[in-house]
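A.B. asks: no sequence for this one, just the structure:
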């Protein structure tokens, strides 16, 4: 098997995540799709780490995980705050920016 | 030239078994209606990825993926889902015209071209494999890098983590601006509202004797179901059973005088 | 050159007066005029002390300097703010402070009913200070400061009664026309700096011999432009007549005795430039000759006593410029005529002021007549000035003007004959129009109605007039006795040897007296022996009409400069509105239009933004794909 298959898989997962961000309206699902994209990128990093024979890629993937965790924590807190005031988790409802 | 890295057949088999499942789960995540199902499917994708990490000699990352992502982060997602509940945002009908076709076209173009590019790309050298780098063990190798070359980013990221934790607390903290209504006030409000119908409290769900569950609306004396007897969350989810099936066809209303 | 630290007081005293009167404001109303007069007088005293010091020294050591501070120091270019008092400056210093003090005294009474008298005296002191700086500066740059200062003072004083729009316009007109001259002076300074590397009188004089003639000609012509502007010479003469809008003492001090002669000073001071630039010198002579005729002709037609005197001033300065353009032979006589003219013209202006004072500010001479009986002192002082200006011996004008006419004749060749005849003819016309003024005002029959009560002016007014009249009588004789002034100024100029004389002095004097007699006779016949209308006759020849319109000076200026200027301005406004503003508005419209259309992409929905990002990423990948294939 060619090691590139991992990269193909990563590209496909990333694309699916991107479509999810655009198509889904539930803020939590959108967040999950973002997580999927981040994970896909991590798979690429790990694969390239293996190709290059160094562990730097894995270190970066590790950092990505930490940053993603931070993002989830803050993002979910924002969703809870918005839900508290609007009683809705739809990101289309938070469209005041245009006015 | 002999490639340095040869992928063994067990890994090949593993890949071809798990990769389609991961793609299917990811697609399912897009297509299922309920957020909880999406979360579960995502957890599956993440576990698959953890397996791939381990298969690719990234043992530490694989374990962290399971513990941090599948364990902590996905739990957090489910917890928030529980808090937020369900509403119309779960619906899959598109409200913004033209968004979905353009998005799917762009995504197909993006993904297709990315895969095509990857197929054409050449590294210029052979893949090496991590046997050398992992000679002292994957965790030791990572630790050596983290605490030497990447120690500064490591510290910065730790600061970020602390900041994020504090930020989440600040955001989620809710200061009450007015006192919680007391029972007495609630009672007064009920009596002073538009009608006295609600003064005695909302009807409880369930049809006594026939089906006494919370997802069944109570039947009013005239035989119609009472919507106010059901929790709004259940209604939003659509988890409501039609109570008319439990209606009695003929109720003997004649009163027989006992002797 | 010796240093003398007393020079600065000449300027500092009146400058202090101007500043304190202006800064103290109404608090100084009660005593401001006295302070200003005292300071002007003390400046005159300092001048006298300097003169006595100068007389006590030998010829070579007479000039003294004082360095105030280092003004500009850039590389090898150094300009000090320093003062230079030499034989030429001292004449001016005494004229300015002397006549200035007399006019201060006169103004105390003349302006006593004006509630802004303090401001008037502040401006007068400012003028004295600026004029002294002008004549004391040791470089063109220092002179320029004074030059602008007197321009400012002149502007402020012409428009002193600026509540009348016509007066405000007159001051603006004077200012704007002076600016043209000022441009000339600044260009001269720039040329001197660029080509000679110095702007001091001594430095330019040093370079004058080895610099190219074209450079010196350029500097000379630019200096002439400056002199023409400041001295109201042709073709920048139009402002002087309107400048009579200012109070009469101002007309006497600034627009007769001192400021308007600054041009003569500039040319005489720059004698080394003009000696090295014959072309420029010729232009000076031509300008002088044209102006002396121009002023004389205008003077014959004016009914406004101040405007008639202004035209006369213009003409007399034409004489001086003419003399200054005749080279070393004429410098001393130009200065001499300048000094005598300072006396008699200032005296006559004060006399005119006195007449107006007695006649309810009436300026039309046709409404005067027979004032001799009512204002005897004014009549006598004015009359002495009159005799001086027309050149009757032994009054001042006789000596100075005769010398100028004689020098003009001796300029050599056809040029000499032309210039001499012009000057001679000018003398005749001068005699005519001055006699006309005299007769219309004092000796002809009474033409004012009974609402007027002519009366003699108070002593504060007639005393300065009397002193100036004494000067008018004696100054010519004193200055020319044994060529006193000529020898005094001699060391400053480079003598080119004596010209051969075309006509002997006696012949010239005889001719001049004959011309004067003719002029006086015509005027007497026309005005004394026949009745004069109290309104100007309308059915007059076209020449009279042109002369009444100042030889069409304003019409020509308007036709040549003002209307084309207005057309250009209007066109530029159009261009500004359509092109510049159009471009600006177009850009704004473009921004609004593109904003309006682009706004539609801003739906506010996060998901549509995310979609755009996705589309962008796809486009990026496509680009990479296209490039790498």
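C.D. replies: Looks like it arrived, so ask away. Remember, it's a predicted structure, so these values are computed and weren't measured experimentally.

A.B. asks: look at residue C:131 and say how many residues are nearby.
C.D. replies: Residue C:131 has 31 neighbours, counted by other Cβ atoms under 10 Å in any protein chain shown. Every C-beta, even on glycine, is put in place using the N, C-alpha and C of the backbone.

A.B. asks: so what does residue 25 have for phi and psi?
C.D. replies: By default, I'm working from chain A. Residue A:25 adopts backbone torsions of phi -110, psi -20, taken as degrees, to the nearest 10.

A.B. asks: try chain C instead
C.D. replies: Main-chain torsions, residue C:25, degrees, to the nearest 10: phi 60, psi -140.

A.B. asks: ok, now which ones touch it?
C.D. replies: Taking Cβ atoms under 8 Å, 6 or more residues apart in numbering or on different chains as the definition of contact, residue C:25 has no neighbours.

A.B. asks: distance-wise, check it relative to chain B.
C.D. replies: 62 Å (Cβ to the nearest Cβ, to the nearest Å).

A.B. asks: and residue C:437, by the same measure?
C.D. replies: On the measure of Cβ to the nearest Cβ, residue C:437 and chain B end up 96 Å apart.

A.B. asks: what's the closest non-adjacent residue to the residue most central in space within chain C?
C.D. replies: For chain C, the residue nearest the mean C-alpha position is residue C:260 (2.5 Å; Cα atoms, centre = their mean). Spatially, and ignoring its direct neighbours in sequence, residue C:260 is nearest to residue C:231 (5.0 Å; Cβ to Cβ, 6 or more residues apart in numbering or on different chains).

A.B. asks: contacting residues for that neighbour?
C.D. replies: C:260, C:261, C:262, C:263, C:264, C:317, C:321.

A.B. asks: thought the first one was touching residue C:254?
C.D. replies: I take that to be residue C:260. Yes - between residue C:260 and residue C:254 there is a contact under Cβ atoms under 8 Å: 7.2 Å.

A.B. asks: rewinding a little: for the contacts of residue C:231, which one is nearest chain B?
C.D. replies: Of all those, chain B sits closest to residue C:262, with 77.1 Å by Cβ to the nearest Cβ.

A.B. asks: any idea how far the closest one is from residue C:227?
C.D. replies: Residue C:262 is 8 Å from residue C:227, where distance means Cβ to Cβ, to the nearest Å.

A.B. asks: which of the two has more residues huddled nearby?
C.D. replies: Using other Cβ under 10 Å, the more surrounded residue of residue C:262 and residue C:227 is residue C:227, with 29 against 26.

A.B. asks: just checking, that one is part of a helix?
C.D. replies: Yes - assessed by DSSP: H, G, I helix; E, B strand; the rest coil, residue C:227 belongs to a helix.

A.B. asks: grab the nearest non-local neighbour of it.
C.D. replies: Using Cβ to Cβ, 6+ apart, the closest residue to residue C:227 is residue C:263 (3.0 Å).

A.B. asks: thinking that neighbour is in contact with residue C:225, fair?
C.D. replies: No - at 9.8 Å, residue C:263 and residue C:225 do not qualify as touching, with contact defined as Cβ under 8 Å.

A.B. asks: name the residues contacting each of these two.
C.D. replies: residue C:181.

A.B. asks: nearest to residue B:38 among the contacts of residue C:231?
C.D. replies: Nearest to residue B:38 among the contacts of residue C:231 is residue C:262, at 96.1 Å by Cβ to Cβ.

A.B. asks: isn't the closest one right up against residue C:150?
C.D. replies: Yes - judged on Cβ under 8 Å, residue C:262 makes contact with residue C:150 at a distance of 6.6 Å.

A.B. asks: what touches both of those two?
C.D. replies: Jointly contacting residue C:262 and residue C:150 under the rule Cβ under 8 Å, 6+ apart are C:131, C:134, C:230.

A.B. asks: mind putting these in a markdown table, distance to residue C:97 included?
C.D. replies: Converted to a markdown table, the shared contacts of residue C:262 and residue C:150 look like this (distance: Cβ to Cβ, whole Å):
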| residue | distance to residue C:97 |
| --- | --- |
| C:131 | 9 |
| C:134 | 13 |
| C:230 | 20 |
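
A.B. asks: let's have those residues in a markdown table, adding pLDDT and distance to residue C:401.
C.D. replies: Formatted as a markdown table, the shared contacts of residue C:262 and residue C:150 follow (pLDDT from 0 to 100; distance: Cβ to Cβ, whole Å):
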| residue | pLDDT | distance to residue C:401 |
| --- | --- | --- |
| C:131 | 92 | 24 |
| C:134 | 92 | 25 |
| C:230 | 90 | 22 |
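
A.B. asks: could you dump those to a markdown table with secondary structure?
C.D. replies: Converted to a markdown table, these look like this (three-state DSSP):
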| residue | secondary structure |
| --- | --- |
| C:131 | helix |
| C:134 | helix |
| C:230 | helix |
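
A.B. asks: which of those sits closest to chain B?
C.D. replies: Nearest to chain B among the shared contacts of residue C:262 and residue C:150: residue C:134, at 73.5 Å, using Cβ to the nearest Cβ.

A.B. asks: going by distance to chain A, which of the shared contacts of residue C:262 and residue C:150 wins?
C.D. replies: Of the shared contacts of residue C:262 and residue C:150, the one sitting nearest to chain A (Cβ to the nearest Cβ) turns out to be residue C:230, at 67.9 Å.

A.B. asks: which ones are touching residue C:5?
C.D. replies: Counted by Cβ under 8 Å, 6+ apart, residue C:5 has contacts residue C:66.

A.B. asks: spell out the secondary structure type for it.
C.D. replies: At residue C:5 the chain is in coil, as set by three-state DSSP.

A.B. asks: hmm, which helix or strand of chain A has the shakiest average pLDDT?
C.D. replies: Every helix and strand of chain A was ranked by mean pLDDT, DSSP states H and E. The lowest is helix A:56-86, at a mean of 90.

A.B. asks: show me what that one is packed against.
C.D. replies: The contact analysis (3 or more Cβ pairs under 8 Å, 6 or more residues apart in numbering or on different chains; DSSP states H and E) places helix A:56-86 against helix A:27-52, helix B:59-64, helix B:74-84, helix B:138-146, helix B:151-172.

A.B. asks: follow-up on the earlier one: neighbour count winner among residue C:263 and residue C:225?
C.D. replies: residue C:263 (29 against 23).

A.B. asks: mind listing what that one touches?
C.D. replies: Shown in contact with residue C:263 (Cβ under 8 Å, 6+ apart): C:181, C:226, C:227, C:228, C:229, C:230, C:231, C:233, C:317, C:321.

A.B. asks: do residue C:225 as well
C.D. replies: When contacts are counted by Cβ under 8 Å, 6+ apart, residue C:225 touches C:180, C:181, C:183, C:184, C:185, C:187.
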